[in-house]
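> what shape does this take:
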Amino acid sequence: MQQVDMNSAEFQTELEKTWSFVEKVNKNFGFVQHPQEDVNEGVAMGLARNKLMYGKRFCPCFMVIGDTKEEQKTADNRICPCKPAIEKEIPEDGKCHCGIFCTPEYAKAEKQNSKTEEVVQQHSRGLTKEESIVLLKKEQLNGEELEALIEAKELGMIDFALLDVRELMEFKMGHIVGTDSLVPTSQFYAKIEEHNDKKEKAVIVYCHTGSRSFQVQHAMKSLGFKQVGNLQYGIISYNGETKRG
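Below you'll find the predicted structure:
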């Protein structure tokens with residue numbers, strides 16, 4: 001699998017083309033970008049990466065299925081702007097699955113919601129050890145639940161491995177504090193072998209919006225991992241501490 005250097009001239013050129021592509025899609029369909037710039041940046045970089053790796057702007061929020069172009073076409077991978085987004089997601093939800101394309105109404109409401117959350121956000125009490133053990137067994141976790149589990153882990157009440165299954169450039173842009181390892185979906189089957197010692201332990205996986213990690217979650221179970229949780233709506237739903245680099 002070809003690796004992409006986000007600092008290379010080749011990638012930066014493709015990223016500029018991708019932003020032009022995003023602007024063209026917005027103009028053609030009357031969309032606007034997500035009010036959270038880190039959402040747009042992550043998706044745009046993923047689109048540019050996939051264009052260089054696969055020759056097409058496959059949706060970066062889903063695993064690309066197929067080793068050859070013929071297999072990738074047969075697998076019906078999403079190519080941006082994808083049909084499900086245009087025909088269903090944006091009309092019904094106000095945004096595409098990845099979030100970069102939104103209706104003006106959704107973007108306005110989301111911006112206001114973010115401001116409100118900053119004002120009224122309240123942190124819940126810490127979990128007991130028993131509550132932590134029960135919560136850790138959930139297969140689909142929200143951001144607040146993962147934040148509570150990380151706190152419980154730091155206090156020594158539970159133990160689990162937190163895996164980021166995005167790509168290296170996404171990880172460097174910002175990842176959850178407490179992440180143990182990066183297992184990129186583009187190299188999943190090669191990289192996951194490094195974690196075979198965790199098959200009997202608890203593992204939680206996350207990505208950008210929860211789609212790739214959901215696929216990884218089920219792939220890991222098929223490989224014999226006993227307990228795998230997923231951050232259901234991805235890092236964009238996580239309000240805990242993150243860091244770049």
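> C-alpha only now, for contacts and for neighbours.
OK.
> how about the contacts made by the residue nearest the centre of the chain?
With distances taken as Cα atoms, centre = their mean, His208 lies nearest the centre of the chain, 1.4 Å away. By Cα atoms under 8 Å, 6 or more residues apart in numbering, the contact set of His208 is 61, 98, 166, 233-236.
> what's the following helix or strand after the element among helices and strands of the chain having the smallest mean pLDDT?
Least confident element among the helices and strands of the chain, by mean pLDDT, DSSP states H and E: helix 104-120 (a mean of 73). Next helix or strand after helix 104-120 toward the C-terminus (DSSP states H and E): helix 129-136.
> ok, then the element right after that next one?
strand 140-141.
> domains in this structure, as residue ranges please.
9-119, 129-243 (automatic domain parsing).
> with distance to Gln3 added, can I get the ones you listed in JSON lines?
Formatted as JSON lines, the domains of the chain follow (distance: least, Cα to Cα, whole Å):
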{"stretch": "domain 9-119", "distance to Gln3": "7"}
{"stretch": "domain 129-243", "distance to Gln3": "9"}
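> lowest-confidence stretch among those?
With a mean of 91, domain 9-119 has the lowest mean pLDDT of these.
> which parts of this protein are strands?
Using DSSP state E, the strands found in the chain span residues 32-33, 101-102, 140-141, 161-164, 175-176, 181-182, 202-206, 227-231, 242-243.
> and those strands: which comes nearest Ile90?
Nearest to Ile90, of all the strands of the chain, is strand 101-102, at 6.6 Å by Cα to Cα.
> distance from the chain centre to the closest one, please.
Centroid separation between strand 101-102 and its chain, computed with Cα atoms, centre = their mean, to the nearest Å, is 17 Å.
> what does stretch 80-96 give?
18 Å.
> got the contact list for that stretch?
Stretch 80-96 is contacted by residues 25, 57-59, 97, 101-103, 105-106 when judged by Cα under 8 Å, 6+ apart.
> mind listing what's buried in it?
Across stretch 80-96, burial judged by 16 or more other Cα atoms under 10 Å covers 80-82, 85-86, 89-90, 94-96.
> what about Leu156, how many residues close to it?
Careful, residue 156 is Gly and not Leu. Neighbour count of Gly156, defined by other Cα atoms under 10 Å: 10.
> measure it to Asp197 for me?
Taking Cα to Cα, to the nearest Å as the measure, Gly156 falls 20 Å from Asp197.
> try Phe101
From Phe101 to Asp197 the distance is 40 Å (Cα to Cα).
> quick one, which of the two is more surrounded?
Taking other Cα under 10 Å, Phe101 and Asp197 do not tie; Phe101 has more neighbours (27 against 9).
> ok, now which ones touch the more buried one?
26, 31-34, 90, 95.
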